[in-house]
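J.: just coords:
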């Protein structure tokens, strides 16, 4: 049951993040970052090392998007 909840959060946050990002909304990167701890937890629990590496990469990309969207001058 807990796995189903985690997988639902992963799926929902991923789809919402993509839709918001494609629509040019700043919230896309925030929703995307909010879903990454669930990806990371699931990948570590199931020992899915490739998924873990990709999850870290996605987290970094979403963090970059957050800084670009919310910093005053848009630079890091």
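T.: Good, I have the coordinates. Note that the coordinates shown come from a computational prediction; the quantities given were computed from them, not determined experimentally.
J.: which of the residues in the helix or strand that contains residue 55 are buried?
T.: Assigned by DSSP states H and E, residue 55 belongs to helix 49-70. Using 16 or more other Cβ atoms under 10 Å as the test for burial, helix 49-70 gives 52, 55, 58-59, 62, 65-66, 69. C-beta coordinates here come from the backbone N, C-alpha and C atoms, glycine included.
J.: Residue 1 versus the spatially most central residue of the chain, what's the distance?
T.: Relative to the mean C-alpha position of the chain, the nearest C-alpha, by Cα atoms, centre = their mean, is the one of residue 32, at 3.0 Å. Look at residue 32 and residue 1: by Cβ to Cβ, to the nearest Å, they are 25 Å apart.
J.: same deal with residue 67?
T.: Distance from residue 67 to residue 1, by Cβ to Cβ: 37 Å.
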